[in-house]
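Chemist: sequence and predicted model, in that order:
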Amino acid sequence: MTTKQGDIEQPYVVKPVFKALQVLIALGDEQRSLTLTEICHRVRLPKTTVFRYLQTLAQCGFVTHDRQADMYHLGARLFELGQLAGQQLRIRDVALPVMVALRDRFNETVNLGILDGYDVVYVEMVESHHSLRMQATLGSRDPAYSTALGKAMLAFIDEPARHLPARLMPRTTFTLHTRASVMKALAQARKEGYALDDQENEDGARCVGAPIFEYPGRVTAAISVSAPASRLGRDQVGDVAAALCAAAATISRQLGHVETSLPSF
């Protein structure tokens, strides 16, 4: 069956999840605590169904139940997620003009990524004007261990091994696929202030990445310049890395990081 939203059918919507979120939205729209009966009236669902949704949402921290008053209100987990979403939007807003300037200087694609588990997620991208570009797309994921973005972040966090899967699958013949080799690359990246993906994530592609810090010195994202290896030669990596580290420092300053503790290039 399909779920309708307006006049558009949504064949992939999971109905119980959709209904549970409607319960959450109803609580948010009222901006006050509601009884079970009040929520049922607003979402037009049976009490037993709404009660199960509320218990599930409460278990995840999205809803809080005041047992004494027998009323429900939004939980702290929603605030935490909202803070994270706002933080990511702020990083994108701050980083975008700096990324555009980098793209204009080198005419190569500039990426902004964040760390999520074992992966890097591309949250902003300013594409090269060249017809031949890298395969990554906005919102896509790549392993942190095989990307310049990922290694730039892993090099400056505590316990980077937590973000490495049990088995490091080779993406190309150049991928570092042992923990020892990855940790060695991270140590080098920490020393130099930038990370290099030398055709490790995508055949024929070279990428340089630098970490972005926020107050009080926590890595929050990374930016990278990526290009075909034929256009970004090893002899050019130094110039790109210097510009990239300066750009990352500019973004970090605007996010409240104290520049004196930024990695030196």
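Modeler: Great, that's in hand.
Chemist: which residue is nearest the centroid of this protein?
Modeler: Ile114 (3.4 Å; C-alpha atoms, centre = their mean).
Chemist: ok, for that residue, nearest residue in space, not its chain neighbours?
Modeler: Counting by C-beta to C-beta, 6 or more residues apart in numbering, Ala221 is the residue found nearest to Ile114 once chain neighbours are left out, at 5.0 Å. All C-beta spots, glycine's among them, are computed from the backbone N, C-alpha and C.
Chemist: how many neighbouring residues does the one you found have?
Modeler: Applying other C-beta atoms under 10 Å, we find 29 residues neighbouring Ala221.
Chemist: sorry, back to before: how about the residue nearest to the centre of the chain, secondary structure?
Modeler: Using DSSP: H, G, I helix; E, B strand; the rest coil, the structure places Ile114 in strand.
Chemist: returning to what we had before: list the contacts of the residue nearest to Ile114.
Modeler: 91, 95, 112-114, 123, 153, 211-212 (C-beta atoms under 8 Å, 6 or more residues apart in numbering).
Chemist: ok, of those residues, which one's closest to Lys15?
Modeler: Lowest distance from Lys15 to the contacts of Ala221 (C-beta to C-beta) belongs to Val123, with 29.8 Å.
Chemist: how much space between that closest one and Val110?
Modeler: Per C-beta to C-beta, to the nearest Å, Val123 is found 12 Å from Val110.
Chemist: compare the two (neighbour count), which wins?
Modeler: Per other C-beta under 10 Å, whichever of Val123 and Val110 has more neighbours is Val110, with 26 against 18.
Chemist: shouldn't that one be in contact with Met99?
Modeler: Yes - the criterion here is C-beta atoms under 8 Å, and Val110 meets it with Met99 at 4.3 Å.
Chemist: rewinding a little: and the residue nearest to Ile114, how far from Cys60?
Modeler: For Ala221, the distance to Cys60 - C-beta to C-beta - is 26 Å.
Chemist: ok, now His129?
Modeler: On the measure of C-beta to C-beta, His129 and Cys60 end up 45 Å apart.
Chemist: quick revisit: between Val110 and Met99, which contacts overlap?
Modeler: With C-beta under 8 Å, 6+ apart, Val110 and Met99 have common neighbours 126, 223.
Chemist: alpha carbons of the helix or strand harbouring the residue nearest to Ile114, as PDB, please.
Modeler: Using DSSP states H and E, Ala221 sits in strand 218-228. Extracted in PDB, the C-alpha atoms of strand 218-228 (Å, rounded to 0.1, in the frame of the first residue of the first chain):
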ATOM      1  CA  ARG A 218      37.100  19.700  18.900                       C
ATOM      2  CA  VAL A 219      37.200  18.500  15.300                       C
ATOM      3  CA  THR A 220      33.800  19.100  13.800                       C
ATOM      4  CA  ALA A 221      34.300  18.600  10.000                       C
ATOM      5  CA  ALA A 222      36.900  18.700   7.300                       C
ATOM      6  CA  ILE A 223      37.300  20.200   3.800                       C
ATOM      7  CA  SER A 224      39.100  18.800   0.800                       C
ATOM      8  CA  VAL A 225      40.200  19.500  -2.700                       C
ATOM      9  CA  SER A 226      39.700  16.600  -5.000                       C
ATOM     10  CA  ALA A 227      40.700  16.100  -8.600                       C
ATOM     11  CA  PRO A 228      41.800  13.500 -11.200                       C
END
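Chemist: partner strands of it and their direction?
Modeler: Taking DSSP bridges as the criterion, strand 218-228 sits next to strand 109-116 (antiparallel), strand 205-214 (antiparallel) in its sheet.
Chemist: residues in contact with Glu108?
Modeler: Under the criterion of C-beta under 8 Å, 6+ apart, the neighbours of Glu108 are 128, 130, 225-227, 231-232.
Chemist: rerun at 6 Å
Modeler: 128, 225, 227 (C-beta atoms under 6 Å, 6 or more residues apart in numbering).
Chemist: over to Gln22?
Modeler: So Gln22 contacts Val43 (C-beta under 6 Å, 6+ apart).
Chemist: list of residues touching stretch 47-58?
Modeler: Applying C-beta under 6 Å, 6+ apart, the contact partners of stretch 47-58 are 20, 23, 39-40, 63, 65, 72.
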